[in-house]
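*Asks:* got a structure for you, letters missing:
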């Protein structure tokens with residue numbers, strides 16, 4: 001007899017789907033989440049409130065923003081009950097044809113057709129508004145930049161998961177017939193990615209997780225899973241400790257017939273790598289870590305020394321528009337609300353990314369020497385979120401990293417190497433073009449002299465991504481991936497991966513909707529508790 005039918009590790013887009021759909025099918029479900037639980041009023045007011053914004057539990061920061069570092073990429077991820085939905089930009093695009101026809105999984109089935117009904121379910125559950133309903137200065141700048149780049153026909157207002165309603169007005173649950181929590185109309189404060197204190201953002205706490213708890217799912221916050229070990233007679237032992245504890249770690253172990261790994265790409269990969277190495281899950285495919293993707297991403301933008309308050313660049317939800325620089329490169333505007341200026345510390349002057357590090361550093365120094373006062377003013381964090389437009393650039397390019405474990409200071413940690421396809425890019429020329437076009441349009445439309453900006457990680461050849469994916473991907477055989485099309489781990493069919501680690505290719509758009517749709521499809525094939533499993537038996 002097991003303690004639980006299913007243990008779910010993580011409460012992000014995959015874990016929340018698992019919690020709800022398995023509870024609906026009669027399973028006893030326990031969800032472990034490393035982060036804390038947040039009520040709306042618990043989120044940081046601005047990104048300077050580090051204890052509520054950043055995730056660094058060892059030093060007392062239990063916020064929603066994780067930051068990880070690998071040799072080839074810096075990663076932004078989420079923490080807390082609701083996972084990445086707490087700090088994502090509530091932007092919910094479907095990817096284009098290149099994603100569904102990627103050779104990694106195209107031979108298994110017609111994925112666009114197979115996933116279509118599950119995208120529809122995911123959109124309904126996440127409350128997607130097909131087009132952001134407001135237009136302001138930023139939206140006009142982005143439309144103008146698309147025109148200047150000769151791609152005006154690709155400009156669109158973004159699909160977002162927000163309850164707009166009447167600004168600031170609280171209403172009964174408008175989505176699930178009263179089963180969900182009350183909601184408050186969006187006030188366009190811009191702080192979606194710091195945590196929505198208004199209650200307008202359609203985080204997973206407002207939909208999947210709220211409904212899962214009503215159906216009996218148990219969610220334990222501040223519990224970090226350290227081991228998933230197969231048991232001799234079947235099932236798994238799952239061990240957790242108190243997140244961030246130096247002493248009194250409160251180690252506990254429960255047993256479950258099945259385990260769903262949904263700890264985000266970083267967390268799921270780290271667990272699988274450790275369990276394979278330790279022998280806890282010895283038959284995990286040797287393909288683990290391959291095809292780890294960054295969405296071929298860059299964060300650049302444009303900023304001005306001064307912007308009149310009337311321009312209100314920080315007013316709106318986090319992402320509101322997009323266009324394509326070319327057929328594989330997608331650009332979105334990103335904003336933080338007034339006061340949330342911390343991420344501006346990552347910004348610096350745009351440098352020629354194709355040159356070697358000494359030349360990039362020389363370019364920075366040269367710009368500072370030529371205009372020292374302007375350089376200081378552009379680099380100031382004062383009102384940074386109100387003075388600029390961030391450009392989030394993503395590609396469907398076939399590049400990847402391969403992750404593995406290495407020992408550092410006596411600890412096993414993840415490291416990276418260039419993988420299949422083209423090298424993971426350290427900079428994107430298309431991103432620089434977009435940043436320059438946005439800066440030019442800020443001056444043209446708003447009369448504000450602006451400069452294109454890059455990031456410090458990019459200067460040192462390390463791209464920044466908010467969409468870390470893959471490494472435990474879907475494949476037709478264990479030689480080519482870690483899970484089958486039903487998300488069961490090859491060699492351990494009672495373990496399932498239903499988060500971003502399963503995504504086999506760069507979607508070139510924000511991946512949250514795709515992760516949700518993939519999870520919906522995977523869970524739709526589970527039998528109800530006690531019924532026969534109609535899925536083919538994995539080899």
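*Replies:* In hand now; what should we look at? The shown structure was predicted, so the numbers you read here are calculated from the model rather than taken from an experiment.
*Asks:* Could you count how many residues lie near residue 397?
*Replies:* Residues contacting residue 397 under the criterion other CB atoms under 10 Å number 20. Just so you know, the C-beta spots here come from the backbone N, C-alpha and C atoms, and that holds for glycine as well.
*Asks:* The residue nearest to it when sequence neighbours are not counted: neighbouring residues, count only.
*Replies:* Using CB to CB, 6 or more residues apart in numbering and skipping the chain neighbours, the partner closest in space to residue 397 is residue 296 (4.4 Å). Number of residues near residue 296 (other CB under 10 Å) recorded here: 27.
*Asks:* Quick one: residues contacting residue 296.
*Replies:* 394-397, 399, 424-425, 428, 506, 508 (CB atoms under 8 Å, 6 or more residues apart in numbering).
*Asks:* for residue 253, same thing?
*Replies:* Contacts of residue 253 (CB under 8 Å, 6+ apart): 237-240.
*Asks:* returning to that earlier point: quick check: the residue nearest to residue 397 is in a strand.
*Replies:* No - counting by DSSP: H, G, I helix; E, B strand; the rest coil, residue 296 is not found in a strand; it is coil.
*Asks:* how near is it to residue 421?
*Replies:* For residue 296, the distance to residue 421 equals 10 Å [CB to CB, to the nearest Å].
*Asks:* For the two, list the residues in contact with both.
*Replies:* Common neighbours of residue 296 and residue 421 (CB under 8 Å, 6+ apart) are 397, 399.
*Asks:* per-residue confidence at the residue nearest to residue 397?
*Replies:* We have a pLDDT of 96 for residue 296.
*Asks:* And residue 422, by the same measure?
*Replies:* On pLDDT, residue 422 comes in at 88.
*Asks:* Neighbours of it, how many?
*Replies:* Neighbours around residue 422, by other CB under 10 Å: 12.
*Asks:* Give the closest residue to it in space, chain neighbours not counted.
*Replies:* Leaving aside its chain neighbours, residue 422 sits nearest to residue 399 (4.4 Å; criterion: CB to CB, 6+ apart).
*Asks:* mind listing the helices for the stretch 1-150 of the chain?
*Replies:* 13-24, 50-53, 97-100, 111-126, 137-148 (DSSP state H, counting those that start in this stretch).
*Asks:* Using TSV, please lay out the ones you listed together with mean pLDDT and distance to residue 526.
*Replies:* Formatted as TSV, these follow (pLDDT from 0 to 100; distance: least, CB to CB, whole Å):
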stretch	mean pLDDT	distance to residue 526
helix 13-24	98	7
helix 50-53	96	36
helix 97-100	97	23
helix 111-126	98	14
helix 137-148	97	42
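*Asks:* Single out the most deeply packed of these.
*Replies:* Comparing the helices of the stretch 1-150 of the chain by mean neighbour count (mean count of other CB atoms under 10 Å), helix 13-24 comes out on top with a mean of 28.
*Asks:* Relative to the whole chain's centre, how far out is it?
*Replies:* 18 Å (CA atoms, centre = their mean, to the nearest Å).
*Asks:* Can you check what angle separates that helix from helix 111-126?
*Replies:* Between the axes of helix 13-24 and helix 111-126, defined by axes from the mean of the first three to the mean of the last three CA atoms, to 10 degrees, the angle is 80 degrees.
*Asks:* what's helix 13-24 packed up against?
*Replies:* Under the contact definition 3 or more CB pairs under 8 Å, 6 or more residues apart in numbering; DSSP states H and E, helix 13-24 sits against strand 4-9, strand 29-32, helix 208-214, strand 252-261, helix 512-524.
*Asks:* which other helices and strands contact the second one?
*Replies:* What that stands for is strand 29-32. If you count contacts as 3+ CB pairs under 8 Å, 6+ apart, strand 29-32 packs onto strand 4-9, helix 13-24, strand 218-220, strand 223-230.
*Asks:* For residue 471, which of the ones you listed is the nearest?
*Replies:* Residue 471 lies closest, by CB to CB, to one member of the helices and strands packed on strand 29-32: helix 13-24, at 14.0 Å.
*Asks:* which stretches of the stretch 251-400 of the chain form strands?
*Replies:* 252-261, 292-293, 298-304, 321-326, 329-334, 347-349, 388-395, 399-408 (DSSP state E, counting those that start in this stretch).
*Asks:* Pick the most deeply packed of those.
*Replies:* Highest mean neighbour count among the strands of the stretch 251-400 of the chain (mean count of other CB under 10 Å): strand 292-293, a mean of 30.
*Asks:* Kindly provide the whole-number mean pLDDT of that one.
*Replies:* Strand 292-293 shows a mean pLDDT of 98.
*Asks:* which residues are contacting it?
*Replies:* Counting by CB under 8 Å, 6+ apart, 265, 269, 399-403, 416, 419, 467-471, 503, 505-506 sit against strand 292-293.
*Asks:* if we go to 7 Å?
*Replies:* Under the criterion CB atoms under 7 Å, 6 or more residues apart in numbering, residues 400-403, 419, 469-471, 503, 505-506 lie in contact with strand 292-293.
*Asks:* So in this protein, which helix runs the longest?
*Replies:* Secondary structure of the chain per DSSP state H: the longest helix is helix 429-446.
*Asks:* so what does that one touch, helix or strand wise?
*Replies:* When contacts are defined as 3 or more CB pairs under 7 Å, 6 or more residues apart in numbering; DSSP states H and E, helix 429-446 packs onto helix 137-148, strand 298-304, strand 321-326, strand 388-395, strand 450-455.
*Asks:* And whichever helix or strand comes after the last one, what's buried?
*Replies:* Past strand 450-455, further along toward the C-terminus, the next helix or strand under DSSP states H and E is helix 456-459. By neighbour count, with 16 or more other CB atoms under 10 Å as the criterion, the buried positions of helix 456-459 are 457-459.
*Asks:* now what about helix 456-459, what contacts it?
*Replies:* For helix 456-459, the surrounding residues in contact (CB under 7 Å, 6+ apart) are 74, 298, 346, 348, 351, 353, 360, 364, 427, 463-464.
*Asks:* Ok, stretch 332-347 next?
*Replies:* If you take CB under 7 Å, 6+ apart as the criterion, stretch 332-347 is touched by 46-48, 89, 91, 138, 142, 158, 189-191, 193-194, 303, 313-314, 316, 318-322, 381, 384-386, 389-392, 453, 455-457.
*Asks:* For residue 177, find the nearest of the helices and strands packed on helix 429-446.
*Replies:* With CB to CB as the measure, strand 321-326 is the member of the helices and strands packed on helix 429-446 nearest residue 177 (32.6 Å).
*Asks:* how about low-confidence regions in the protein?
*Replies:* Applying pLDDT under 70 to the chain flags residues 539.
*Asks:* Next, name the residue at the spatial heart of it.
*Replies:* Centroid-nearest residue in the chain: residue 467, 4.6 Å away (criterion: CA atoms, centre = their mean).
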